[in-house]
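J.: Structure of the sequence below:
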Amino acid sequence: MRKLLITGISGGQGRLLAKRLAGQWDIIGVDRMPWEGAPRDIRVTTMDLRTKRFENVLRVERPDAVVHLAFVRHFRSDPQVRHEVNVDGTRHLLDHCAAYGIKQVIVLSSSYVYGAMADNPMYVDEDHSLNISRTFPDLRDLSEVEGLVSTFLWRYPEVATSVLRPVNTLGYYTHSAIGGYLKLDIVPTVSGFNPMMQFIHEEDVSEAIVLALEKTLRGVFNVVGPGAVPLKTALKAIGATRISIPEPIAHALIRQLFRFKLYQFPPEAIDFIKYPCTVSGKRFTEATDFEPLFSLADTFSSLAQ
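T.: Residues are numbered from 1 along each chain as shown. So this is what the prediction gives:
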């Protein structure tokens, strides 16, 4: 069997992907956190991508492909640590992939890189500028990571390098920022705003990664779910209790809640519940024939499981 290295394998998305591909690939994984109870046919090593030990894994194992999921995405982490893990970790990974002749690299990014902007087009394509640094500085490392991967993609054309940008991901295993927001006891929205939003089930994200592996994709691809709905419609479907707050009050309230660790999002995240950030998945669909397996109803219900 071909050999696959998954970074960040102990996270929810990493576990789903590893189990999905077990038996089809010889899977090895690395993560800063252990995976207790990992299947015996999946070899997991606890380590940091920035260490010499990780280089040794690539040097010895020489995997045919790498799926890079090892990112710190939550906002409670130390900003310096998050930047070092996300940006420096990715830089080290790409350097080692080039040095040891890895043939395929897939990086899981996010549609958040486009930023939530009042003047965003209805469906943003992959050529649109990445505005997240302008609107949400705490996520600027996403843009930096994509810059590194873009340079790698054109510098090493012999490596099938792809970036996947899924929309808001929900599910039982994946603990996403949007999932935490939707599961609040009382969900705040900003008065006068009701942006269109897209959602995708975590298992559909795993399937998209599998298709990218099978098709040896090269380039940047948005990955979308079964459709777009207004935020308030999504909250109603989930059964959430919503409170509408005027924008100045919302900023002040969320700043204090975040400060006292009662709310996991910084106030800069408010733009994502004010303005649209919907994307076009046409390029990925044409390249892979991808179709989401889970409906919006299924995706929303996964939050309650």
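J.: Just the buried positions in stretch 222-237, please.
T.: Going by neighbour count (16 or more other C-beta atoms under 10 Å), the buried part of stretch 222-237 is 222-226, 228-229, 231-232, 234-235, 237. Every C-beta, even on glycine, is put in place using the N, C-alpha and C of the backbone.
J.: and of those residues, the nearest to Lys19?
T.: Using C-beta to C-beta, Val223 is the member of the buried residues of stretch 222-237 that sits closest to Lys19, with 19.4 Å.
J.: tell me the contacts of the closest one?
T.: Contact analysis of Val223 by C-beta atoms under 8 Å, 6 or more residues apart in numbering lists 164-167, 200, 204-205, 208, 281, 284, 290.
J.: hmm, 10 Å instead?
T.: Neighbouring residues of Val223 by C-beta atoms under 10 Å, 6 or more residues apart in numbering: 108-111, 164-167, 169, 198, 200, 204-205, 207-209, 211-212, 279, 281, 283-285, 288, 290, 292.
J.: same check, this time on Gly12
T.: 69, 169, 171-176, 179, 202.
J.: hmm, 8 Å instead?
T.: Residues near Gly12 by C-beta under 8 Å, 6+ apart: 171-175, 202.
J.: In helices, which of those appear?
T.: Glu202 (DSSP state H).
J.: ok, and for stretch 147-165, which residues are buried?
T.: Neighbour-count burial for stretch 147-165 [16+ other C-beta under 10 Å]: 148-149, 152-153, 159-165.
J.: Endpoints of that stretch, how far apart?
T.: This stretch, stretch 147-165, spans 14 Å end to end (C-alpha to C-alpha, to the nearest Å).
J.: Packing partners of the helix or strand of the chain with the lowest mean pLDDT?
T.: Lowest on mean pLDDT, DSSP states H and E among the helices and strands of the chain sits helix 132-135, with a mean of 79. Counting contacts by 3 or more C-beta pairs under 8 Å, 6 or more residues apart in numbering; DSSP states H and E, helix 132-135 packs against helix 140-155.
J.: hmm, who's touching the helix it packs on?
T.: So helix 140-155 is contacted by 71, 82-83, 86-87, 90-91, 94, 97-98, 105, 107, 109-110, 112-113, 130, 132-133, 159, 161, 163, 218-220 (C-beta under 8 Å, 6+ apart).
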